[in-house]
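Chemist: The following block contains a protein sequence and its predicted model.
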Amino acid sequence: MRERHYIAERGLATSLYLALKLGRPLFLEGEAGVGKTEVAKVIAALLDTELIRLQCYEGLDVHHAVYEWNYTRQMMHIRLLEARGDKVSEAELFGPEFLLRRPLLQAIEPSRQKPAVLLIDELDRSDDEFEAFLLEVLSDFQITIPEIGTIRTPNPPVVIITSNRTREVHDALKRRCLYYWIDYPSFEKELEIVQTQLPDAPLKLARQITGFIQALREMDLYKLPGVAETLDWTTALIALDQKALDPVIVDETLGAVLKYQDDVDKVKGEQTRLILERVNVEVG
Amino acid sequence: MSGQFLHNLLLFGRILRRLGLDVNPGRMMDLVSALDHIEIGKKSDFFYAARTLLVHEREDLPLFDEAFELFWRKPAESDWIEQWQGLTRRRKKSGPIVTHPPLKEAAPQTNETDSTSAEPMTVIEVTRTYSDREILRHKNFAEMNVEESEAVKQMMSHLLWKVSERRTRRYRPGKGNLIDLRRTLRRSLRAEGEVFSWAYREQKLKPRPLVVIADISGSMERYTRLLLHFIYGMKAALSQPVEAFVFSTRLTRITRPLQIRDLDLALKNVGDLVNDWAGGTRIGESLKMFNFEWGRRVLGRGAVVLVISDGWDRGDVELLNREMARLKRNCHRLIWLNPLLGAADYEPLTRGIQAALPHIDNFLPVHNLASLEDLAKRLADINRRSNGGNHARYSLTSLKPPSSAAGTPPRA
């Protein structure tokens, strides 16, 4: 995974490996911005296969997750047949050529040579109805379309499910998966991530930023910064051509790190200076 | 794999289940087959494999880690057994238990009196005449004797709870204004593809989730027992998720213990879980804890929040003000229930209430059964977003301006 610029903890690597071996979905939970979605992308790249992503939202239904008929084409087809004076046959109208394949169906396409990676992103945003449906699909990787029949695949996809815990996902679904909680990385790990992702960052700056973020995570903030914020901030500071952190620049760019005004107010000024002093001592 | 190892593995699984983890035979079989793929000799790989398969709640991770550490090492050390006992005592999801709840009046641990009084209770209810019941309906919870409060508990269980619905983003066939192309086309096929009538979809309705945050501090003690009954009854009656929390100096989530079907056992479990019964009140801190730890997880989907407290706060008023504002922003409707509001001469002048009032949609009493019935009615017809607290007994605009020491002035 390191090759693909993803720095994984040993536990995550073990979970992934077992998910692949046992053919079970992997359920990833963790705070926002710790790289859950990234895992799926890296796995797809490693296995050299297609990544199919299903972004969840409330009200996500079969028509958007699995399949939908292309009604416009169907209607055109009816008109065409009428013009020619032919009869409309239902079997023809609901044939594969009028089928729009949505992510879940794409993932179990029988013609697939290699198993795809199916990323079901932010499952907590969907609702109970979709969860129940997903449970069914994940248990035997087959989907029944009334007009066509049952579709199943000899190469079931590798499934990665992510959740930000804005809602408790039902136990039944979790039970079917391998579970892994992605925590915020340690200082060393995070520094490594910054350096692999943004090789342009000066070492001193990278160390300071990582130290600063790590210190923020120990504070009593409403929303703690994730790794995504670390990377955003580093990018911003590189763009500003900064070689090192100073209190003024931190206060000016704090918006890249903290996303709530309360939190910004709390850190700005005095706190910034204190943290920076401490960080400078620690990271040398 | 050696038989001895397998035996130990199964034993480990059984122990985890004892500790309250959701480990079942299916999972254990998965683990056995997973071991074919990893080197068992390597302890960290075995550890992570077991963890990813046997745990699926973040909260359980520390418990698992400890149990693993203890189980898979050489039991040579002498304190081995004591350590296990320590772990067993901790169990899942119960913080450090310090004291038993000093809850008076049929406290959870005095189960015997509770279950024996369960029998005659039915009789009491049958024999009660209409006017008796009317008196009881309006009697303050705090002034009831044991018999009356048992009768009220019975009457409480007959309350009809319903929380108003919200439109979800899911559609279903119906009379809405979105065209259902799928059904339209199907229908048209009967007429050789000619569209005679359009089919429509409408938005599906679902009841709003409910979150109850109840004050169990010393000043609320006379109400606590009945209010827990009320929360339990509400949770049992409603089909949507009901999340329940209690606090005095710190917040405890009691949703899981309340799920048990047996009411007495449920209340006993709540009693075991909470360790600050009848303590001081720190509303601000507790709400902050709620907002930070739970807000994002339970307030989605247009939740209705009930805060039950008398507003006697010994904490930081500024903090309370800030956290109430945050809570208000994150829910659909914020209702404050105050048992003291039942008294005719009550004025909401305590600093806590003063800080909280500007953020509340409804400020209602909970001191007798009638007020609960009133609450049930209100919950059933919350339809629009806050309409300025017009339903509140204390309309916010009519409040007296607070004294200078009382913190934030209410919204005009």
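Modeler: Yep, that arrived.
Chemist: buried sites along stretch B:232-246?
Modeler: Using 16 or more other CB atoms under 10 Å in any protein chain shown as the test for burial, stretch B:232-246 gives B:232-236, B:238, B:241-246. Yep, even glycine has a C-beta here, placed from its N, CA and C like the rest.
Chemist: Just give the nearest non-adjacent residue to residue 228, would you?
Modeler: You didn't pick a chain, so chain A it is. Counting by CB to CB, 6 or more residues apart in numbering or on different chains, A:A228 lies nearest to A:G33, which is 3.5 Å off, once chain neighbours are set aside.
Chemist: please go with chain B instead
Modeler: B:L267 (6.0 Å).
Chemist: From the chain's centroid, how far away is stretch A:48-61?
Modeler: Centroid displacement of stretch A:48-61 relative to its chain, using CA atoms, centre = their mean, to the nearest Å, is 9 Å.
Chemist: Averaged pLDDT, it. What do you get?
Modeler: Mean per-residue pLDDT for stretch A:48-61: 91.
Chemist: likewise stretch A:266-276?
Modeler: 89.
Chemist: does that stretch come close to chain B?
Modeler: No. Stretch A:266-276 does not reach chain B (CB under 8 Å from any CB of the partner chain); its nearest approach is 11.2 Å.
Chemist: which stretch of helix or strand covers the residue in chain B that chain A sits nearest to?
Modeler: Using CB to the nearest CB, the closest approach of chain B to chain A is made by B:R169 at 3.1 Å. Taking DSSP states H and E as the definition, B:R169 sits inside strand B:165-179.
Chemist: Show the secondary-structure elements that the helix or strand that comes right after that strand is packed against.
Modeler: Following strand B:165-179 in sequence order, the next helix or strand is helix B:181-189 (DSSP H and E). Applying 3 or more CB pairs under 8 Å, 6 or more residues apart in numbering or on different chains; DSSP states H and E, we find helix B:181-189 packed against helix A:71-84.
Chemist: residues of the helix it packs on that come out buried?
Modeler: Buried positions in helix A:71-84, judged by neighbour count with 16+ other CB under 10 Å: A:74-75, A:77-78, A:81.
Chemist: Same question for stretch B:273-287.
Modeler: Going by 16+ other CB under 10 Å, stretch B:273-287 has these buried residues: B:273-279, B:281-287.
Chemist: which residues of the chain fall in strands?
Modeler: Using chain A. Using DSSP state E, the strands of chain A run over A:26-30, A:51-55, A:67-69, A:99-101, A:117-121, A:142-145, A:149-152, A:158-163, A:178-182.
Chemist: think we crossed wires, I meant chain B
Modeler: Counting by DSSP E, the strands of chain B are B:165-179, B:200-207, B:210-215, B:242-247, B:251-253, B:304-308, B:333-338, B:362-365.
Chemist: Give me every residue in the stretch 151-284 of chain A lying close to chain B.
Modeler: A:165-168, A:171, A:174-175, A:177-181, A:222, A:262.
Chemist: For residue 162, give me the pLDDT.
Modeler: In the absence of a named chain, this looks at chain A. 95.
Chemist: Let me rephrase: I mean chain B.
Modeler: 79.
Chemist: Could you find the residue in the stretch 51-200 of chain A that comes nearest to chain B?
Modeler: For the stretch 51-200 of chain A, CB to the nearest CB, closest residue to chain B: A:G59, 3.1 Å.
Chemist: Nearest residue to that residue in space, please, no chain neighbours.
Modeler: Per CB to CB, 6+ apart, closest to A:G59 is B:R169, 3.1 Å.
Chemist: neighbours of that neighbour, just the number please.
Modeler: 12 (other CB atoms under 10 Å in any protein chain shown).
Chemist: That one contacts B:L205, correct?
Modeler: No. Counting by CB atoms under 8 Å, B:R169 does not reach B:L205; the two are 11.5 Å apart.
Chemist: May I have the strands that pair with the strand holding B:R169, each with its orientation?
Modeler: strand B:200-207 (antiparallel) (DSSP bridges).
Chemist: looking only at pLDDT, what's the mean for the strand it pairs with?
Modeler: 86.
Chemist: how far does that strand sit from the chain's center?
Modeler: 27 Å.
Chemist: by how many degrees do it and strand B:304-308 diverge?
Modeler: Comparing the axes of strand B:200-207 and strand B:304-308 via axes from the mean of the first three to the mean of the last three CA atoms, to 10 degrees yields an angle of 10 degrees.
Chemist: who touches strand B:200-207?
Modeler: Defining contact as CB atoms under 8 Å, 6 or more residues apart in numbering or on different chains, one finds that strand B:200-207 is touched by B:162-180, B:238-240, B:301.
Chemist: Enumerate every residue touching the residue nearest to A:Y222 when sequence neighbours are not counted.
Modeler: Excluding the flanking residues, the one nearest A:Y222 by CB to CB, 6+ apart is A:Y260, at 4.8 Å. Contacts for A:Y260 (CB under 8 Å, 6+ apart) come out as A:221-223.
Chemist: Just the buried positions in the strand holding B:R169, please.
Modeler: Within strand B:165-179, the residues scored as buried using 16+ other CB under 10 Å are B:165-166, B:168, B:170-171.
Chemist: cool, stretch A:85-102 as well?
Modeler: A:88, A:93-94, A:98-99, A:102.
Chemist: Just give me the closest of those residues to A:E188.
Modeler: Distances from A:E188 to these, taken as CB to CB, are shortest for A:R102 (41.7 Å).
Chemist: can you redo the buried residues of stretch A:85-102 as a markdown table with distance to chain B and pLDDT?
Modeler: Conversion of the buried residues of stretch A:85-102 to a markdown table gives the following (distance: CB to the nearest CB, whole Å; pLDDT from 0 to 100):
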| residue | distance to chain B | pLDDT |
| --- | --- | --- |
| A:V88 | 5 | 75 |
| A:L93 | 7 | 82 |
| A:F94 | 9 | 85 |
| A:F98 | 10 | 89 |
| A:L99 | 13 | 90 |
| A:R102 | 14 | 92 |
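Chemist: That'll do, ta.
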